[in-house]
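1. Okay, predicted coordinates and the sequence, questions at the end:
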Amino acid sequence: MSPQFAAVHTMADATALAGRALALATEIFPIGRSITGQGVRETLRCIGNRVPLEVSEVPSGTPVFDWEVPPEWNVREAYIADGAGRRLVDFRRHALHLVGYSIPVRARMTLNELRPHLHTLPQTPDWIPYRTSYYSKAWGFCLAESELATWPDGEYEVVIDAELKPGHLTYAECLIRGAVEQEILVYTHTCHPALANDNASGMAVATVLAEEALKSRPNLSYRFIFGPGTIGSITWLARNESRLPAVRGGLTIGLLGDVGPLTYKRSRRGTTEIDLIAAQAVRELDPNAKLLDFSPYGYDERQFCSPGINLPMGRLTRSANGAYPEYHTSADNLSLLRADALAQSILAIATTLNRIDGNRLFRNRSPKGEPRLGRRGLFRATGGTNPGDFEHAMLWLLSLSDGAHGLRDAQAVSGLDMDVLERAATALIEAGLLEEVAG
Ligand code: ZN
């Protein structure tokens, strides 16, 4: 068996994994998660039942770049009851009902006093919105507009029995050691409660891919990181700066089960190995695939691609964040996850990582101007005719070979057959123009 990331090469392979991903997504979907707290730990236990995890607990107040780890938030119960004591909204019935990081409250108030703390979606009156207030002390409830419309004036009892106090931020890593230490990172956020596509799908797909990679014998090492959005990736980066030179590339993943097309968002650097190879993979698998340039808005790619970090990390999703109607509402539920969409997403990620795992990287030994190929008998003597595939293959390899690109990159951008590229690489190496570099 030659080295590979995982034995996932066909839609049939990926469909089997999609079934397992769907089962895990169903298990973790309802958990009341946030950027810290017991919900995250419970989720990581479900994931840890499938793959070995190293869990890190970072104390509140720990400085992480320009941020600090926030207090830990846990909820015992939260509800609004009417005058008769009937609970109209209850956190236990749906984790979206409570604004994330709500401060504790115990009060009686009129509907008018309560209203500024209630969030609904009048355009889609049956959906519950997802709202958070991580960094300003506030509280609130989220509910369906159609529900709120039935509430009479009168007095309501509001209870948020929550704790917001020094504790920990929890993240977990699953490391699959390959033949070399160079690493590929896969980051998925773990902080959303009761939302299926964003982000149960990301956690579930990352888990089943890690399970497959554990059965494989990869060349590179793979580090799957399960952490909260923004503060989680910032915390991981701040604690792992010394590790970053060994990072060959990576992906932020999420939103993997909806009907939208496969979407690859390029790293800030734009033309790194992962950018070229992931773009090729999504285009091959989905004729409607979308390619996006980097922008400083979105998921954790913002942190991995911040200028002082600048890792070759892109983002793979189906619909982008905010780009489907159910996004950040109770309608982003398990019915939105399609097995065929999950399978295609799984295959796109596995194809990308398998190609990187087997990629041979080169350095052009004569990189200033084009080397004279004719003098070395590598280019036809008569000018004026179009070069053939072999000549094009040499030009692509010479152009791309900066030590961080290789055969697969050349294949992705040129569309030439691998055997032509391999022959061209051999010829260039024999002529002393190209050298292979360790991955
Ligand atoms: Zn989100």
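-> Arrived safely.

2. Would you list the phi and psi of L433?
-> phi -90, psi -20 (degrees, to the nearest 10).

3. Then A289?
-> Torsion angles, degrees, to the nearest 10, at A289: phi -50, psi 150.

4. And for it, the neighbour number?
-> By other C-beta atoms under 10 Å, 19 other residues sit near A289. C-beta coordinates here come from the backbone N, C-alpha and C atoms, glycine included.

5. Skipping adjacent residues, who's closest to it in space?
-> Once flanking residues are discounted, A289 sits nearest to V282: 4.0 Å by C-beta to C-beta, 6 or more residues apart in numbering.

6. Let me know how buried the nearest residue to P261 once chain neighbours are set aside is, in neighbour terms.
-> Excluding the flanking residues, the one nearest P261 by C-beta to C-beta, 6+ apart is N288, at 4.0 Å. By the measure other C-beta under 10 Å, the count of residues near N288 is 10.

7. Looks to me like N288 is in a strand.
-> No - per DSSP: H, G, I helix; E, B strand; the rest coil, N288 lies outside any strand segment and is coil.

8. Surely it touches V282?
-> No - the criterion here is C-beta atoms under 8 Å, and N288 misses it with V282 at 9.8 Å.

9. Overlap in contacts, those two.
-> Counting by C-beta atoms under 8 Å, 6 or more residues apart in numbering, the common neighbours of N288 and V282 are L262.

10. taking the mean pLDDT, what do you get for the strand or helix carrying R20?
-> Using DSSP states H and E, R20 falls within helix 11-28. Per-region confidence: helix 11-28 scores 98 on mean pLDDT.

11. ok, and what's touching the next helix or strand after it?
-> Counting by DSSP H and E, the next helix or strand C-terminal to helix 11-28 is helix 38-48. Helix 38-48 is contacted from outside by 24, 27-28, 31-34, 53, 55, 74, 95, 170, 172, 190-191, 193, 203, 207, 226, 228, using C-beta under 8 Å, 6+ apart.

12. Contact partners for the residue nearest the centre of the chain?
-> The C-alpha lying nearest the average C-alpha coordinate of the chain belongs to I253 (C-alpha atoms, centre = their mean; 1.9 Å). Counting by C-beta under 8 Å, 6+ apart, I253 touches V186, Y187, T188, G202, V205, A206, R315, L316, T317, S345, I349.

13. can you tell me which of those residues are in helices?
-> Among those, the members falling in helices (DSSP state H) are G202, V205, A206, S345, I349.

14. mind checking how far the residue nearest to the centre of the chain is from A162?
-> Counting by C-beta to C-beta, to the nearest Å, the gap from I253 to A162 is 30 Å.

15. tell me the phi and psi of P63?
-> phi -70, psi 130.

16. what's around the spatially closest residue to it that is not a sequence neighbour, how many residues?
-> Once flanking residues are discounted, P63 sits nearest to A238: 7.8 Å by C-beta to C-beta, 6+ apart. Per other C-beta under 10 Å, the neighbour tally for A238 reads 17.

17. Starting from the helix or strand harbouring A238, tell me the next helix or strand along the chain.
-> A238 is part of helix 231-239, with elements assigned from DSSP H and E. Remark: after helix 231-239, the chain's next helix or strand is strand 247-253, criterion DSSP H and E.
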